[in-house]
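J.: following is a predicted model, sequence given first.
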Amino acid sequence: MTLRILHYAAVVILATVFAGEAQAADKLHVGKASPTSDVMLPVDIGVETGIFAKHGLDVEITTFSGGAKLHQGMAADAIDIGVGAGPEFALLAKGAEELAICNAVGPARFLGVGVAADSKAQSAADLKGAKIGVSSNGSLTFWLALELARVKGWGPDGVTPVTTGNDATSYVAALHTHEIDAFISTTSLSFQLEEKKEGRLLFPVTDYVGNLSAGTIFATKKLIAANPDGVRRFLAAWFDIIAYMRANKDDTVRMTSKLTGFSTTVQAKEYDLTMPMFSKDGKFDAESLATLKRSFADLKVLDTPPDMTKLYTEAFLPKS
């Protein structure tokens, strides 16, 4: 009887310990600036595969319709960590209580210039004077439209950015009504339109622009101060997710297809195009920082050039 009692007590103690460990998972509210951008999809994959949970994190995802709204959520303490794009550094320079903590993606391989299937445009040269659909004023896609005109030497009015929102239906509707001649959005959207014989990818934006920290992870200073270990574990989980995606194409394509609503054929093409863009160390490279600094001047979003070194930290990145 004594042995049975001791055995039962041991089971209870172990159950209590494991229950305590299960309850110890840190709750993190993570925001995405876009529902279907390749840069943000690893967050969803991390939840579905249980990778965040393995790092002791309970991640709750909220999706926003653009970077500005994401950072409004962070300012309101509704979001702890945000996955967005490099141009959002400008919000930090304006006083947002955040730091960029990871340069997740340098080159924007997931973005491209798309056109309708019957468009006569065959190259970038054919877009001089074009109306180009972008997600919002001051967004990454907005700047990419301006940058195309600059690189091609067309002058500040070489193209006209037209804001349409960042969902696929808005771009397609604007194309059909000839409100726009082309659009800058995810390459997967162009692949999907190509599959439906409604559009095609004209060229990826990497044809004319280099690294620009196209995928950036931000954390609130409040979270950094209160739970620095949680920030470290989030980034450790992030790189485990990217490693998982690299090693498991079929599963990644299946999961991303479910998330985006695009076919597995489209997502397989997207996978091959975009997987190489994910950083292996998350460090902020000089080219990205210089490009972003110039973009702030182009967009006239800051009165003076910021000291970029004060807007990010690499202290929470996994040690190589």
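T.: Yep, that arrived.
J.: where do the helices of the stretch 201-320 of the chain begin and end?
T.: Secondary structure of the stretch 201-320 of the chain (DSSP state H, counting those that start in this stretch): helices at 221-226, 228-247, 249-260, 264-274, 286-299.
J.: between those, which one is nearest to Pro156?
T.: Between Pro156 and the helices of the stretch 201-320 of the chain, the tightest spacing by CB to CB is seen for helix 286-299, at 9.1 Å. For glycine as for every other residue, the C-beta is placed from the backbone atoms N, C-alpha and C.
J.: settle this for me: Met255 is touching Glu48, isn't it.
T.: Yes - here Met255 reaches Glu48: they are 5.9 Å apart, a contact under CB atoms under 8 Å.
J.: which of these two has more residues huddled nearby?
T.: Each of Met255 and Glu48 has its neighbours counted (other CB atoms under 10 Å); Met255 has more, 18 against 14.
J.: dump the residue contacts of the more buried one.
T.: Met255 makes contact with 41, 44-45, 48 under the criterion CB atoms under 8 Å, 6 or more residues apart in numbering.
J.: mind doing that once more with 6 Å?
T.: 45, 48 (CB atoms under 6 Å, 6 or more residues apart in numbering).
J.: just give me the neighbour total for Ser135.
T.: For Ser135, the count of nearby residues is 25 (other CB under 10 Å).
J.: which residue is nearest the middle of this protein?
T.: Val39 (3.2 Å; CA atoms, centre = their mean).
J.: A strand includes it, no?
T.: No - going by DSSP: H, G, I helix; E, B strand; the rest coil, the assignment for Val39 is coil, not a strand.
J.: ok, it touching Val105?
T.: Yes - using CB atoms under 6 Å, Val39 makes contact with Val105 at a distance of 5.3 Å.
J.: between these two, which contacts overlap?
T.: Residues touching both Val39 and Val105 (CB under 6 Å, 6+ apart) are Gly215.
J.: got a list of what Thr62 touches?
T.: Gly31.
J.: so it versus Val209, what's the distance?
T.: 29 Å (CB to CB, to the nearest Å).
J.: for Lys197, same thing?
T.: Applying CB to CB to Lys197 and Val209 gives a distance of 29 Å.
J.: and these two? which has more neighbours close in?
T.: More crowded of Lys197 and Val209, by other CB under 10 Å: Val209, with 20 against 9.
J.: how much space between the more buried one and Phe142?
T.: Distance from Val209 to Phe142, by CB to CB: 13 Å.
J.: do Val231 as well
T.: Val231 is 30 Å from Phe142, by CB to CB.
J.: tell me which of those two has more neighbours.
T.: Per other CB under 10 Å, whichever of Val231 and Phe142 has more neighbours is Val231, with 25 against 22.
J.: quick one: the strands in this protein?
T.: Ranges of strands within the chain are 26-32, 57-63, 81-84, 98-105, 111-116, 131-134, 160-163, 182-186, 199-204, 215-220, based on DSSP state E.
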